[in-house]
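A.B. asks: Predicted model, plus sequence, below.
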Amino acid sequence: MKQENLIHANYHTHTVRCHHAEGSEREYVEEAIKAGLTTLGFADHTPYIFHTKGYYSSFRMRPEELEGYVQVLRALQEEYKDRISILIGLEAEHYPALWQDYCKLIKNSGVQYLIMGQHFAAGEPGGKYSGRADDDEERLKSYVDSVIGGAQTGLFSYVAHPDIINFTGDHDLYLAEMERLVQGVVKEGLPLELNILGLREGRSYPREDFLELVGKHHGKMIIGSDAHTPEHVYDHETVRRAVALAEKYGIELTERIDTTRLQRLL
Ligand SMILES: [Zn+2]
Ligand SMILES: [Zn+2]
């Protein structure tokens, strides 16, 4: 008997443009249809306009690739419109110093939604990777500040792997800061992601002490596959574990995102 899929939408899908994903966009779409998804959102690592001359981030598409990204996905949207709804998004960092230029870059690009992934809260180049184990209290606080600030821009549709910050110092401080994050994001009406890639690979996220805070403050969560390869668009066993974790902490799961937010740029 065919297994019943546990979710019907995934908004966190990468493409080869980020230099650490594989497969064609079409293969991701075909896998999603096979798995029974009705909505597939691509949110590849966004291009950024950096002020540091000559700097290109190694894990994201280049600005000049954005147009082709949108074109390829628009063609698939049209071709597959009777079988699956395809959305064009980006996974972006909220870097306040670069934010104005960033908004200009995506304003008329055809991108429909943004998810926030703060891989380097202190910016690039030079910032430390959020997922690296570290007891730096300032890094934790600046991570929380930048996520809340991003939520307050009103342009993001959800927060990807909100618990990526891998703080190994004082646990009470961790809980206080992450409680501040959850409350700040919930206040803006944004869902938080339960990240399937982290769960499958046993990364430091998702963290149960974080999920407990989400449950306590009635945050909504959205399961995001964070697929970097087509077969991970829907990973049934890991999604099952994520659903069980949400249940354990009394967290309401949602499959909807607000895709009207970027219209505020127009
Ligand atoms: Zn990635
Ligand atoms: Zn990410």
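C.D. replies: Okay, I see it. Ligands and ions are numbered 1, 2, ... in the order given.

A.B. asks: any idea how far residue 97 is from the closest residue to residue 135 other than its chain neighbours?
C.D. replies: Counting by Cβ to Cβ, 6 or more residues apart in numbering, the nearest residue to residue 135 once its immediate chain neighbours are dropped is residue 169, at 3.4 Å. Where you see a C-beta, it was placed from the backbone N, CA and C, and this is true even at glycine. Separation of residue 169 from residue 97 (Cβ to Cβ, to the nearest Å) stands at 26 Å.

A.B. asks: Could you do residue 251 as well?
C.D. replies: Using Cβ to Cβ, residue 251 is found at 34 Å from residue 97.

A.B. asks: just to revisit the earlier point, tally up the residues packed near the residue nearest to residue 135, please.
C.D. replies: Counted with other Cβ atoms under 10 Å, the neighbours of residue 169 add up to 13.

A.B. asks: One more: residue 15?
C.D. replies: 22.

A.B. asks: surely it meets residue 26?
C.D. replies: No. Proximity of residue 15 to residue 26 does not meet the contact threshold set by Cβ atoms under 8 Å, at 10.8 Å.

A.B. asks: Spatially, what comes nearest to the one residue sitting closest to the centre of the chain if we skip its sequence neighbours?
C.D. replies: Nearest to the mean C-alpha position of the chain, counting by Cα atoms, centre = their mean, stands residue 160 at 3.1 Å. Once flanking residues are discounted, residue 160 sits nearest to residue 117: 4.0 Å by Cβ to Cβ, 6+ apart.

A.B. asks: Local confidence estimate at that neighbour?
C.D. replies: On the pLDDT scale, residue 117 is placed at 98.

A.B. asks: mind listing the helices for this structure?
C.D. replies: In the chain, the segments counted as helices under DSSP state H are 25-35, 66-79, 99-107, 137-152, 171-187, 196-201, 208-216, 236-248.

A.B. asks: Of residue 251 and residue 97, which one has the most company?
C.D. replies: Higher neighbour count among residue 251 and residue 97: residue 251, with 21 against 8, using other Cβ under 10 Å.

A.B. asks: Would you mind giving me the confidence score for the more buried one?
C.D. replies: On the pLDDT scale, residue 251 gets 98.

A.B. asks: about what we covered before: measure how buried the residue nearest to residue 160 is and give me the count.
C.D. replies: Residue 117 sits with 28 neighbouring residues when counted by other Cβ under 10 Å.

A.B. asks: And residue 138, by the same measure?
C.D. replies: 8.

A.B. asks: Over to residue 187?
C.D. replies: Residue 187 - counted by other Cβ under 10 Å - has 12 other residues nearby.

A.B. asks: per-residue confidence for it?
C.D. replies: So residue 187 comes in at 98 (pLDDT).

A.B. asks: cool, and residue 58?
C.D. replies: Reading off the model, residue 58 has pLDDT 87.

A.B. asks: Show me what counts as buried in stretch 171-183.
C.D. replies: 174, 177-182 (16 or more other Cβ atoms under 10 Å).

A.B. asks: Same question for stretch 26-36.
C.D. replies: 28-32, 35.

A.B. asks: now swap in stretch 199-214 and tell me
C.D. replies: Quick answer for stretch 199-214 (16+ other Cβ under 10 Å): 199-200, 203-207, 210-214.

A.B. asks: which other residues reach it?
C.D. replies: Contact partners of stretch 199-214, identified using Cβ atoms under 8 Å, 6 or more residues apart in numbering, comprise 131, 133, 161-164, 166, 171, 174-175, 178-179, 182, 192, 194-195, 197-198, 219, 221, 232, 235, 238, 241-242, 245-246, 248-249, 251.

A.B. asks: Just the buried ones from the residues you listed?
C.D. replies: Neighbour counting with 16+ other Cβ under 10 Å marks 131, 161-164, 166, 174, 178-179, 182, 192, 194-195, 197-198, 219, 221, 232, 235, 238, 241-242, 245-246, 249, 251 as buried within the contacts of stretch 199-214.
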